[in-house]
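A.B. asks: Predicted coordinates and the sequence they were generated for:
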Amino acid sequence: METPAVGSLSVDELAARLLDTHLKGARFPLQGQWELTCRCNLRCVMCYTDCFNTPDMLRRELSFPEIVRIMDEIQEAGCLELCLTGGEPLARKDFLEIYGYAKQKGFLVTVFTNGTLLTESMADYWVRYPPSMIEISFHGLTQASFERITQGAGSYDRCLEGIRMILDRQLPLTLKTTGMTVNRDEVLNIKEFVARLGQGRKVQYKLGGDIRARLDGSQDVYQYQLPNEDIAAIERADPEFRAERARQDGLEEEFARQGKSFCGSERYKFHIDAYGQLQLCSNNRRLSYDLRHGSFREGFYEHLPQFPCPNRRPLAAEPLLTIERRTHPIPTKEVVSYG
């Protein structure tokens with residue numbers, strides 16, 4: 001489960017409408033997610049890419065010239081939006097060159113980051129060449145809970161400082177939380193904290209509840225997976241989450257009545273990993289097409305449609321649970337922008 005930014009129209013819905021209205025449902029690469037690297041300065045307990053954050057695997061990652069060549073092909077195919085993620089994309093020394101090239105090619109660029117490596121000069125660069133969205137992972141409201149998850153001393157303060165830099169420059173910002181067994185009782189308080197940020201400039205919030213097996217197949221991460229009933233209870237305890245869940249369920253039912261899949265990977269999305277492997281999505285790496293030895297157009301139009309994509313079953317109705325809102329101290333480090 002991932003709850004899109006509350007109060008926004010999701011990219012999935014916009015893309016579906018565009019495909020149905022203008023492209024008559026034809027396959028088209030509107031939106032891509034690019035995992036630029038598996039390197040990261042943190043070791044989040046639930047991270048599925050961290051197992052590849054090793055010297056040997058990092059040496060295998062795409063070089064800047066390879067990224068440029070593939071990005072040219074993606075742009076020529078008509079892609080509109082690229083999400084640059086990791087690992088931690090800012091951990092690449094050439095990140096700004098990659099980002100700048102994407103902007104030069106005309107993409108709408110979203111950046112997924114943990115926020116701890118952001119610098120004033122990088123934030124200033126984003127002011128000149130703004131991303132369509134910056135999404136920062138924020139999994140704990142207190143230093144203790146935050147760093148229990150990131151396993152990085154000082155990461156809490158550095159993340160708050162990164163948030164401050166973005167707010168001060170009025171850049172678009174989403175904070176997102178993976179709901180887990182170790183932060184379950186903080187989720188609603190985190191959402192309230194996010195709502196107070198920005199001094200009138202809305203900061204969006206996302207909640208995710210899915211834990212993925214590590215890329216090497218290890219499944220120890222599932223110890224942090226929230227049961228479905230806990231996820232449903234969190235959603236039901238908040239009016240905005242509740243409304244968003246009802247809206248998404250209604251859309252899925254409508255798609256099902258029309259015989260369409262709610263998953264955009266079948267028609268307009270794609271994923272590229274750090275090694276140049278083209279896949280349906282970051283959660284489905286069963287089969288890949290090697291972009292180091294083939295073209296994006298061939299991979300997207302000829303190979304991805306043949307890859308298996310099991311339809312995801314909707315969650316069964318769960319009994320309404322009661323969640324007690326626990327009081328947590330708000331972060332003491334000031335991150336609210338007054339400018």
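C.D. replies: Right, received. Where do you want to start? Residues are numbered from 1 along each chain as shown.

A.B. asks: can you map out the strands along this structure?
C.D. replies: Per DSSP state E, the chain carries strands over the ranges 2-3, 31-35, 81-85, 108-113, 133-137, 173-178, 204-208, 269-272, 277-279, 289-290.

A.B. asks: right, and the ones you listed - which one's nearest residue 100?
C.D. replies: Ranking those by proximity to residue 100 (Cβ to Cβ) places strand 108-113 first, at 9.7 Å. (C-beta placed from N, C-alpha, C; glycine too.)

A.B. asks: just to revisit the earlier point, using TSV, please lay out the strands of the chain together with mean pLDDT, mean neighbour count and distance to residue 143.
C.D. replies: Compiled in TSV, the strands of the chain are given as follows (pLDDT from 0 to 100; neighbours: other Cβ atoms under 10 Å; distance: least, Cβ to Cβ, whole Å):
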stretch	mean pLDDT	mean neighbour count	distance to residue 143
strand 2-3	54	18	25
strand 31-35	97	23	29
strand 81-85	98	23	25
strand 108-113	98	21	19
strand 133-137	98	22	15
strand 173-178	98	22	16
strand 204-208	95	21	20
strand 269-272	96	24	33
strand 277-279	97	22	36
strand 289-290	98	17	43
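
A.B. asks: Quick one: the helices in the stretch 1-150 of the chain, in order.
C.D. replies: Assigned helices in the stretch 1-150 of the chain, in chain order: 11-22, 55-59, 64-76, 95-104, 120-128, 143-150 (criterion: DSSP state H, counting those that start in this stretch).

A.B. asks: If I average pLDDT within each of those helices, which one is lowest?
C.D. replies: Out of these, helix 11-22 stands lowest, with a mean of 61 (criterion: mean pLDDT).

A.B. asks: Make TSV out of the helices of the stretch 1-150 of the chain and add distance to residue 300 and mean neighbour count.
C.D. replies: Compiled in TSV, those are given as follows (distance: least, Cβ to Cβ, whole Å; neighbours: other Cβ atoms under 10 Å):
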stretch	distance to residue 300	mean neighbour count
helix 11-22	14	15
helix 55-59	25	11
helix 64-76	9	16
helix 95-104	18	18
helix 120-128	29	13
helix 143-150	35	19
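
A.B. asks: circling back to that earlier point, for the strands of the chain, give me a markdown table that also has distance to residue 59.
C.D. replies: A markdown table is the format used below for these (distance: least, Cβ to Cβ, whole Å):
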| stretch | distance to residue 59 |
| --- | --- |
| strand 2-3 | 32 |
| strand 31-35 | 16 |
| strand 81-85 | 20 |
| strand 108-113 | 23 |
| strand 133-137 | 26 |
| strand 173-178 | 29 |
| strand 204-208 | 31 |
| strand 269-272 | 18 |
| strand 277-279 | 16 |
| strand 289-290 | 17 |
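
A.B. asks: quick one on the thing from earlier: quick one, which of the helices of the stretch 1-150 of the chain gets closest to residue 279.
C.D. replies: Ranking the helices of the stretch 1-150 of the chain by proximity to residue 279 (Cβ to Cβ) places helix 64-76 first, at 13.6 Å.

A.B. asks: tell me how far the closest one is from the chain's mean position?
C.D. replies: The gap between where helix 64-76 is centred and where its chain is centred comes out at 22 Å by Cα atoms, centre = their mean, to the nearest Å.

A.B. asks: try stretch 32-51
C.D. replies: Centroid separation for stretch 32-51 versus its chain: 11 Å, with Cα atoms, centre = their mean.

A.B. asks: Go through that stretch and flag the buried ones.
C.D. replies: In terms of neighbour count (16 or more other Cβ atoms under 10 Å), stretch 32-51 has its buried residues at 32-42, 44-51.

A.B. asks: Now do the contacts for the closest residue to residue 94 other than its chain neighbours.
C.D. replies: Nearest residue to residue 94, sequence neighbours excluded (Cβ to Cβ, 6 or more residues apart in numbering): residue 64, at 5.0 Å. By Cβ atoms under 8 Å, 6 or more residues apart in numbering, the contact set of residue 64 is 94, 97-98.

A.B. asks: With respect to residue 58, which of those is nearest?
C.D. replies: Of the contacts of residue 64, the one sitting nearest to residue 58 (Cβ to Cβ) turns out to be residue 94, at 13.1 Å.

A.B. asks: what's the pLDDT at the closest one?
C.D. replies: Confidence at residue 94, expressed as pLDDT, is 98.

A.B. asks: just residue 297 next, same as before
C.D. replies: At residue 297, pLDDT is 98.

A.B. asks: roughly how far apart are it and residue 30?
C.D. replies: Using Cβ to Cβ, to the nearest Å, residue 297 is found at 14 Å from residue 30.

A.B. asks: Which of the two has more residues huddled nearby?
C.D. replies: Neighbours around residue 297 and residue 30, counted as other Cβ atoms under 10 Å, are more numerous at residue 30. The numbers are 21 against 14.

A.B. asks: Grab the nearest non-local neighbour of that one.
C.D. replies: Counting by Cβ to Cβ, 6+ apart, the residue nearest residue 30 is residue 268, at 4.2 Å.

A.B. asks: again with residue 43
C.D. replies: Computed as Cβ to Cβ, 6+ apart, the closest residue to residue 43 that is not its neighbour in sequence is residue 151, at 4.3 Å.
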